[in-house]
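Asker: Just need the structure, nothing else, for what follows:
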Amino acid sequence: MFIDPKNITMDVLNLATLMPMLIAIGGGLVILTIDLIKENIHKSLYVMLTILILFVDLGATLGLNFGPNEKGFFDVMLIDGLAILSQVLILVASVLFIPLALTSKRFHEYSYPEFFALFLFMIAGFQFMVSSDNLILIFIGLETASLSLYTLIAMHNRHNSFEAAVKYFTMGALAAGFFTMGSAVLYGISGSLELYQIAPAIQSRMGEPGMMMFLLGGAGLLLTAFAFKLSLFPFHTWAPDVYEGASAPLAGYMSVVPKIAAFVVSMRIFEMFIDLQIEWVQTMIIILSVLTMTLANLMALVQEDVKRMLAYSSISHAGFVMVAIALATEKANIGIFLYYGLFMFTNLGAFAMLWVSRHKHRVHHARYDHPYEKFSGMVKIMPMGAIVMGLFMLSLAGVPPFSVFWGKVYLMSATIDAGYTWLAIIMGLNSAIAAYYYLKLVVYMFLKEPTEQVTKETTYYNVSKPLLTILGLAVFVTVGSIFYVDPLIEYITEMIRATNFGI
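Answerer: Here you go, the predicted structure:
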């Protein structure tokens, strides 16, 4: 959209819409500047400074005026209910993650100020992704976040961490290529990169010869790009290796926050196609969802390492939630955020528990850090740790009344209401399959005897006050979710209704 420079005013710029991202970027630059002025400052300063910046960012986000058509900065920023809601989830998850940097001296990456600066740059990238319907700005946010995340993984400084970073970079570059080509096709069809202008342009040209072929190409390329980012079948194979190579808390963070951002962009793009009644897009998403949740569950069944099992389970959860994109109903959209709002605490807690049970050396398995055998008899060595991990496993399995159960039930209810009873049955069967590998870990912790290696290495259990605080909060949300599900649904509903989807 062309704007005469003479008519540019502060109202047109609406710089307040950029404030959350500028706070994150500015915070990262402040951290780097402090390091330039004085080196070797204890990491606790950077941790507390990062948390402060995130809280200021959260306050700026909640203070924004939002609505279905609230625009800013030459109309490339879109501050609707979806943008606010997703940014809140991203920032809350980040506040949960950062204190884990205080839990151990063994993970050296947390002693570098660059780690926290890159983390804040990554947050800014995710915020740009979810706060725009301009395909160029979405791409810039996507690449900013991705490039920062590749580096954060590599900073773990282990052989498999470098391998994971390279794999993630390679897959991310491929996904970026698909996204760029898909965006180019949509631009060629509509003459615009703004989704609110692309939709009516497509609708007005639906009857033209060859138009459906171009739509198939554009939507297919974009769906492939987000299948990479969301680790959907058959583009999921990078995820277990990357999660394994990253530190346990960062792997838990990766299983939630990047997917929230990718789901938001997917909602904006693919629900546009579904509202235009392009049925094959809906069919493709349903097929991807069913294959992803089913095959990921089957792969999780045969894993020997708990971290890889959780990686495959995260893939399955993404497939489960992707069903809501295909439904494109208000209830399904609410279900996405209800699910990830509850799943966030449980999954971060489960991955953090892997850190609690971390041993200095691979004493159980030459290949894996977290084999099931390492958790044998954990209830006799670390009773509270076993109980907490058991609660997380029961929640991820969808056992009532724990948190993820409510997300699963709500999404299955939305699926039935949309007329896809057979799909809800498949979702239920997959939840039953998942219960097996989650309960397998519970059996090891509570019903097996500790191995000799576990007994010898108990001094390496890593428990500290910041970690206990985060785990306590995760347990509180997991167990007490029954009391706040309704207020959470009401808040999410209000935000979803302040959003325009499709046309």
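Asker: can you pull out the helices in the stretch 51-200 of the chain?
Answerer: Here the stretch 51-200 of the chain has its helices, by DSSP state H, counting those that start in this stretch, at 81-97, 113-130, 135-154, 159-190, 195-204.
Asker: Leu195 - nearest residue in space that isn't next to it in sequence?
Answerer: Asp133 (4.0 Å; Cβ to Cβ, 6 or more residues apart in numbering). Every C-beta, even on glycine, is put in place using the N, C-alpha and C of the backbone.
Asker: what's near enough to touch the one you found?
Answerer: By Cβ atoms under 8 Å, 6 or more residues apart in numbering, the contact list for Asp133 reads Leu78, Glu194, Leu195, Tyr196, Arg268.
Asker: Out of those residues, which end up buried?
Answerer: When these are checked for burial by 16 or more other Cβ atoms under 10 Å, the buried set is Leu78, Glu194, Leu195, Tyr196, Arg268.
Asker: which of those lies closest to Phe226?
Answerer: Arg268 (11.0 Å; Cβ to Cβ).
Asker: tell me which element that closest one falls in.
Answerer: Assigned by DSSP states H and E, Arg268 belongs to helix 257-275.
Asker: That helix vs helix 159-190, what angle?
Answerer: Using axes from the mean of the first three to the mean of the last three Cα atoms, to 10 degrees, one finds that helix 257-275 and helix 159-190 are set 20 degrees apart in direction.
Asker: And helix 257-275, what does it pack against?
Answerer: helix 81-97, helix 113-130, helix 135-154, helix 195-204, helix 211-229, helix 279-301, helix 306-327, helix 330-356 (3 or more Cβ pairs under 8 Å, 6 or more residues apart in numbering; DSSP states H and E).
Asker: repeat that with 6 Å
Answerer: helix 81-97, helix 113-130, helix 195-204, helix 211-229, helix 306-327 (3 or more Cβ pairs under 6 Å, 6 or more residues apart in numbering; DSSP states H and E).
Asker: Let's see the fourth one as PDB, backbone CA atoms only.
Answerer: If I follow you right, that is helix 211-229. Written as PDB, here are the backbone C-alpha positions of helix 211-229 (Å, rounded to 0.1, in the frame of the first residue of the first chain):
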ATOM      1  CA  MET A 211      -6.200 -20.600 -10.900                       C
ATOM      2  CA  MET A 212      -6.800 -23.800  -8.900                       C
ATOM      3  CA  MET A 213      -3.400 -25.100 -10.000                       C
ATOM      4  CA  PHE A 214      -1.700 -22.000  -8.800                       C
ATOM      5  CA  LEU A 215      -3.500 -22.100  -5.500                       C
ATOM      6  CA  LEU A 216      -2.500 -25.800  -5.100                       C
ATOM      7  CA  GLY A 217       1.100 -24.900  -5.700                       C
ATOM      8  CA  GLY A 218       1.100 -21.900  -3.300                       C
ATOM      9  CA  ALA A 219      -0.800 -23.600  -0.500                       C
ATOM     10  CA  GLY A 220       1.200 -26.800  -0.900                       C
ATOM     11  CA  LEU A 221       4.600 -24.900  -0.700                       C
ATOM     12  CA  LEU A 222       3.400 -23.000   2.400                       C
ATOM     13  CA  LEU A 223       2.000 -26.200   4.000                       C
ATOM     14  CA  THR A 224       5.400 -27.900   3.400                       C
ATOM     15  CA  ALA A 225       7.200 -25.100   5.000                       C
ATOM     16  CA  PHE A 226       5.100 -25.200   8.200                       C
ATOM     17  CA  ALA A 227       5.200 -29.000   8.200                       C
ATOM     18  CA  PHE A 228       9.000 -28.600   8.700                       C
ATOM     19  CA  LYS A 229       8.600 -26.000  11.400                       C
END
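Asker: separation between Phe351 and Met389?
Answerer: 11 Å (Cβ to Cβ, to the nearest Å).
Asker: Give me the more crowded residue out of those two.
Answerer: Phe351 (29 against 26; other Cβ atoms under 10 Å).
Asker: How confident was the prediction at Leu58?
Answerer: Note for Leu58: predicted pLDDT of 90.
Asker: Local confidence estimate at the nearest residue to it once chain neighbours are set aside?
Answerer: Closest residue to Leu58 apart from its sequence neighbours, by Cβ to Cβ, 6+ apart: Leu91 at 4.5 Å. Leu91 is assigned 92 on the pLDDT scale.
Asker: give the contact list for Leu91.
Answerer: Leu54, Asp57, Leu58 (Cβ atoms under 6 Å, 6 or more residues apart in numbering).
Asker: Could you identify which of those residues has the most neighbours?
Answerer: Going by other Cβ under 10 Å, Asp57 tops these with 27 neighbours.
Asker: correct me, but that one touches Ala24?
Answerer: Yes. Using Cβ atoms under 6 Å, Asp57 makes contact with Ala24 at a distance of 5.5 Å.
Asker: What are the phi and psi values at Phe74?
Answerer: Backbone torsions of Phe74, given as degrees, to the nearest 10, read phi 60, psi 30.
Asker: What distance do you get for it to Leu195?
Answerer: 16 Å.
Asker: What separation do you get for the residue nearest to Leu195 and Pro209?
Answerer: 29 Å.
Asker: for the protein, what helix or strand is lowest in average pLDDT?
Answerer: helix 452-456 (a mean of 57; mean pLDDT, DSSP states H and E).
Asker: need the next SSE after that helix, C-terminal direction.
Answerer: Assignment by DSSP H and E places the next element after helix 452-456 at helix 465-480.
Asker: okay, the helix or strand following that following helix in CSV with CA atoms only?
Answerer: Counting by DSSP H and E, the next helix or strand C-terminal to helix 465-480 is helix 485-497. Taking Å, rounded to 0.1, in the frame of the first residue of the first chain, the C-alpha atoms of helix 485-497 are listed here in CSV:
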residue,chain,number,x,y,z
VAL,A,485,-9.9,-24.1,32.9
ASP,A,486,-13.1,-22.1,32.7
PRO,A,487,-11.5,-18.6,33.2
LEU,A,488,-8.8,-19.6,30.8
ILE,A,489,-11.3,-20.6,28.1
GLU,A,490,-13.2,-17.3,28.7
TYR,A,491,-10.0,-15.3,28.2
ILE,A,492,-9.0,-17.2,25.1
THR,A,493,-12.5,-16.9,23.7
GLU,A,494,-12.4,-13.1,24.1
MET,A,495,-9.1,-12.9,22.3
ILE,A,496,-10.1,-15.2,19.4
ARG,A,497,-13.3,-13.2,18.9
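Asker: packing partners for helix 485-497?
Answerer: Using 3+ Cβ pairs under 6 Å, 6+ apart: helix 485-497 touches helix 81-97, helix 330-356.
Asker: least reliable of those going by mean pLDDT?
Answerer: Across the helices and strands packed on helix 485-497, the lowest-scoring stretch is helix 330-356, with a mean of 85.
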